[in-house]
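Undergrad: kindly generate the corresponding structure for this input.
(chains A and B)
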Amino acid sequence: MPIPVSKKPVRVRVAPSPTGDPHVGTAYIGLFNLAFARSHGGQFVLRVEDTDQKRSTRQSEEAIYRSLRWAGLQWDEGPDIGGAFGPYRQSERSDIYRTHVQLLLDSGDAYRCFCTAERLDHVREEQRARKETARYDGFCRHLDPHESDARAVNEPHVVRLKFPQGGETVVPDALRGGVVYDNGQIDDQVLMKTDGLPTYHLANVVDDHLMAITHVIRAEEWLNSTPKHLALYAAFGWDPPVFAHMPLLRNADKSKISKRKNPTSLEYYQRAGILPEALLNFLGLMGYSRKDEQGQDVEKFTLDEFISDLDLQRVSLGGPVFDLQKLDWLNGLYLRAMTPEALADRVVAFQREDGRHGQAAHLVQERVTSLGDYGDHAGAFFRGTLEYGLNARYFVVGATSRKKTAVRLTRAASRAFFEDCLAQLETVIDWQPAAIEAPLRAACDKAGVAIGDGLMAIRVAAMGRPAAPPLFESLQVLGRALTLARLRVVCGLLADPNFLQRSLADVEAELTAARAARQDPTPTPEASHA
RNA sequence: GACCCCAUCGUCUAACCAGGUUAGGACACCGGCCUUUCACGCCGUUAACGCGGGUUCAAAUCCCGCUGGGGUCACCA
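TA: As a prediction, the model looks like this:
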């Protein structure tokens, strides 16, 4: 049973929320949408879902454009390039949603709800206490329309979908067949918030319809809310699109991919020197596989090849673990396939990106003794994660301090310190030295450690060794994505109760290796001259 | 907890839908070759159908149950 495609031109979309760093999951879903559109001669739309006023930012939106373009996922219509179905930024479509909510209010498919947040919390708490599924209890569902109209004039309220009671809803998922839900356990979803902006559910349905989206290819986390979306399509009298829910990318422990356990920011991969074509290739291997004429699995392929024989039905639904090792291998494959000249060009272009090359030179200038020395000092700016080896001992804050009186944190306290630094730095959007310095100093104070000791731990985490250019400037050049990723790695290392033992074992191993090297009888060329 | 999804080597997956394969490939790992070293490359080894019932001459494949993993249960998306 192939994916249903009607005579209408295929139109798909990717709809990120600009509330943080550009996510690798967006690229994953974007890739399959783009490829599906291309393989059917259709359009690929980028829609910005910025209805969460508190969390959405323009910086994040811009970063999403940059990262998606970098990855090679160019959209046919979007906020920045326009199109026949705009605007493509939901915050600019408020009137449309208001009109549509009114339609539902008039038809009785939605109702105003005046319940306070406190009451809702209370209800949920009681339900939890009774071990019931937490859901809205329908308190305002049967309010008299006249009373509702009157109260709406000066009382804050939301609008809820009057979800049909009784019976069941079957979600036709192109990858799974029909998924059956008991209507009795689906509650009346909020469609419009007190601030007058729509929730995802309303905006998504209205926009998908108005933008003539034919196929909704999105992450599996949306599967359970599809009955509500179907109810909305029915209430409006619209034909729903074809739904296909993709598996979620996973961490090594199989949980949904998260920044704590994996680099999830596309900027990380860009700045870590991953080629966009390799990243896309790798994502195309997640939950999917291609074969050659002989029927053998193919690991390396171009976007065009991926598009040429994409068959969504072949998507395997087990959640694929995002394996960085395989990404690295694939990236290496691409690098080796280039001519040396092309590689050289690529490297130069990469180092010049974001002005990193120039900035790095500025920072390491005082430290280099020769031109060739540069790479040794600046290398850490251009890598993803670092090998710490013996230097991991610096992560125990204060442990390496020369002062006898220095405060030395325990492993757990050091971890708390790193977590604190990380949490603070995550809120720093304008990545400037001063903005980076303040929270780090505060974290040192909070942990009760000397500034120098605390910053040394951060320095080694970020730069891989204790001898490095001034920290805040270094972090600036390193960039937000790489800095945060490295701190998260160290938090992970410190979470291991055996961290100290392990690093001591590493010390032992390295000393042994060094000793063996010294006793190596092989004469050096210099020695043979003597 | 309720509901929903999912289930092949450690990881990504093929074979499943249209039952009959020594269960194939890739990453990683281990070993070897190549090589002044490392890397690359090449060769090879180890490694999986979660468990239990059915259906069938025959089950990784179809059905049921269990177990396990995941997701969702927001005025976030």
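
Undergrad: gap between the two ends of stretch A:455-474?
TA: Terminal residues of stretch A:455-474 are spaced 12 Å apart (Cα to Cα, to the nearest Å).

Undergrad: what lies in contact with it?
TA: Among residues not part of stretch A:455-474, those counted as contacts by Cβ atoms under 8 Å, 6 or more residues apart in numbering are A:363-364, A:366-367, A:377, A:380-381, A:386-388, A:391, A:394-397, A:400-401, A:414, A:417-418, A:421, A:433-434, A:436-437, A:440, A:444, A:475, A:478, A:483, A:486-487, A:489-490. To be clear about C-beta, it is placed using only N, CA and C from the backbone, and glycine gets the same treatment.

Undergrad: what's the pLDDT at residue A:517?
TA: The confidence metric pLDDT takes the value 49 at residue A:517.

Undergrad: do residue A:124 as well
TA: Looking at residue A:124, its pLDDT reads 84.

Undergrad: contact partners for it?
TA: With contacts defined as Cβ under 8 Å, 6+ apart, the neighbours of residue A:124 are residue A:134.

Undergrad: buried ones among the contacts of stretch A:455-474?
TA: When the contacts of stretch A:455-474 are checked for burial by 16 or more other Cβ atoms under 10 Å, the buried set is A:363-364, A:377, A:380-381, A:386, A:388, A:391, A:394-397, A:400-401, A:414, A:417-418, A:421, A:436, A:440, A:444, A:475, A:478, A:483, A:486-487, A:489-490.

Undergrad: from these, which ones fall inside helices?
TA: Judged by DSSP state H, the subset of those located in helices is A:363-364, A:377, A:414, A:417-418, A:421, A:436, A:440, A:444, A:475, A:478, A:483, A:486-487, A:489-490.

Undergrad: RNA strand B contacts on the stretch 101-250 of chain A?
TA: Selection of the stretch 101-250 of chain A residues close to RNA strand B by Cβ under 7 Å from any atom of the strand yields A:115-117, A:120, A:124, A:131, A:133-136, A:156, A:158, A:176, A:179-182, A:185, A:187, A:190, A:193-195, A:197-200, A:220-225, A:247-248, A:250.

Undergrad: hmm, try it at 6 Å
TA: Selection of the stretch 101-250 of chain A residues close to RNA strand B by Cβ under 6 Å from any atom of the strand yields A:116-117, A:120, A:124, A:131, A:133-135, A:158, A:176, A:179-181, A:185, A:190, A:193-194, A:199-200, A:220-221, A:223-225, A:248.

Undergrad: only whichever of those are buried, select them in ChimeraX.
TA: Per 16+ other Cβ under 10 Å, the buried members of those correspond to this ChimeraX selection:
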select /A:120,158,179,181,190,193,199,200,220,223,248
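
Undergrad: which residues of the stretch 1-150 of chain A fall in helices?
TA: According to DSSP state H, counting those that start in this stretch, the stretch 1-150 of chain A carries its helices in the segments A:24-39, A:58-71, A:94-107, A:117-129, A:145-152.

Undergrad: same deal with the stretch 201-350 of chain A?
TA: Assigned by DSSP H, counting those that start in this stretch, the helices in the stretch 201-350 of chain A fall at A:226-236, A:266-271, A:276-283, A:303-308, A:324-337, A:340-352.

Undergrad: can those go into CSV with extra columns for mean neighbour count and mean pLDDT?
TA: Compiled in CSV, these are given as follows (neighbours: other Cβ atoms under 10 Å; pLDDT from 0 to 100):
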stretch, mean neighbour count, mean pLDDT
helix A:226-236, 20, 97
helix A:266-271, 25, 96
helix A:276-283, 22, 98
helix A:303-308, 16, 96
helix A:324-337, 14, 97
helix A:340-352, 12, 93
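
Undergrad: listing request: residues of chain A with sub-threshold pLDDT.
TA: By pLDDT under 70, the low-scoring segments of chain A are A:1, A:401, A:404-406, A:501-530.

Undergrad: swap in 50 and give it another go.
TA: A:517-530 (pLDDT under 50).

Undergrad: what about residue A:57, neighbour count?
TA: The criterion is other Cβ atoms under 10 Å. On that basis, residue A:57 has 13 neighbouring residues.

Undergrad: return the most buried member of the helices of the stretch 1-150 of chain A.
TA: Of all these, helix A:24-39 carries the top mean neighbour count, a mean of 24, counting by mean count of other Cβ atoms under 10 Å.

Undergrad: off-centre distance for it?
TA: Distance of helix A:24-39 from its chain centroid, counting by Cα atoms, centre = their mean, to the nearest Å, is 15 Å.

Undergrad: which helices and strands does that helix pack with?
TA: Where contact means 3 or more Cβ pairs under 8 Å, 6 or more residues apart in numbering; DSSP states H and E, helix A:24-39 is packed against strand A:11-14, strand A:43-46, helix A:58-71, strand A:215-219, strand A:242-246, helix A:266-271, helix A:276-283, helix A:303-308.

Undergrad: now the ones you listed as a markdown table including distance to residue A:457?
TA: Below are the helices and strands packed on helix A:24-39 laid out as a markdown table (distance: least, Cβ to Cβ, whole Å):
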| stretch | distance to residue A:457 |
| --- | --- |
| strand A:11-14 | 39 |
| strand A:43-46 | 41 |
| helix A:58-71 | 28 |
| strand A:215-219 | 37 |
| strand A:242-246 | 40 |
| helix A:266-271 | 21 |
| helix A:276-283 | 31 |
| helix A:303-308 | 42 |
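
Undergrad: figure out which of those is closest to residue A:453.
TA: Comparing the helices and strands packed on helix A:24-39 by their distance to residue A:453 (Cβ to Cβ), the top pick is helix A:266-271, with 27.8 Å.

Undergrad: now the closest one - C-alpha only, PDB.
TA: Extracted in PDB, the C-alpha atoms of helix A:266-271 (Å, rounded to 0.1, in the frame of the first residue of the first chain):
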ATOM      1  CA  LEU A 266      23.000  21.900  14.100                       C
ATOM      2  CA  GLU A 267      25.500  24.700  14.800                       C
ATOM      3  CA  TYR A 268      27.500  22.100  16.800                       C
ATOM      4  CA  TYR A 269      27.900  19.900  13.700                       C
ATOM      5  CA  GLN A 270      28.600  22.800  11.500                       C
ATOM      6  CA  ARG A 271      31.300  24.200  13.800                       C
END
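
Undergrad: which other residues reach that helix?
TA: Outside helix A:266-271, the residues that touch it by Cβ under 8 Å, 6+ apart are A:21-24, A:26-27, A:63, A:67-68, A:70-71, A:263, A:276, A:279, A:353-354, A:356, A:382, A:384, A:479-482, A:485.

Undergrad: so who does residue A:50 touch?
TA: Contacts were defined as Cβ under 8 Å, 6+ apart; by that measure residue A:50 touches A:17-18, A:56, A:61, A:89-91.

Undergrad: what's the closest non-adjacent residue to residue A:428?
TA: In space, residue A:428 comes closest to residue A:435 once its chain neighbours are excluded; the distance is 5.1 Å by Cβ to Cβ, 6 or more residues apart in numbering.

Undergrad: please tell me how far that neighbour sits from residue A:221.
TA: Distance of residue A:435 to residue A:221, given as Cβ to Cβ, to the nearest Å: 33 Å.

Undergrad: and for residue A:422?
TA: Per Cβ to Cβ, residue A:422 is found 25 Å from residue A:221.

Undergrad: swap in residue A:165?
TA: 25 Å.

Undergrad: and if you look at residue A:77?
TA: For residue A:77, the distance to residue A:221 (Cβ to Cβ) stands at 25 Å.

Undergrad: how about residue A:196?
TA: Using Cβ to Cβ, one obtains 26 Å as the distance from residue A:196 to residue A:221.
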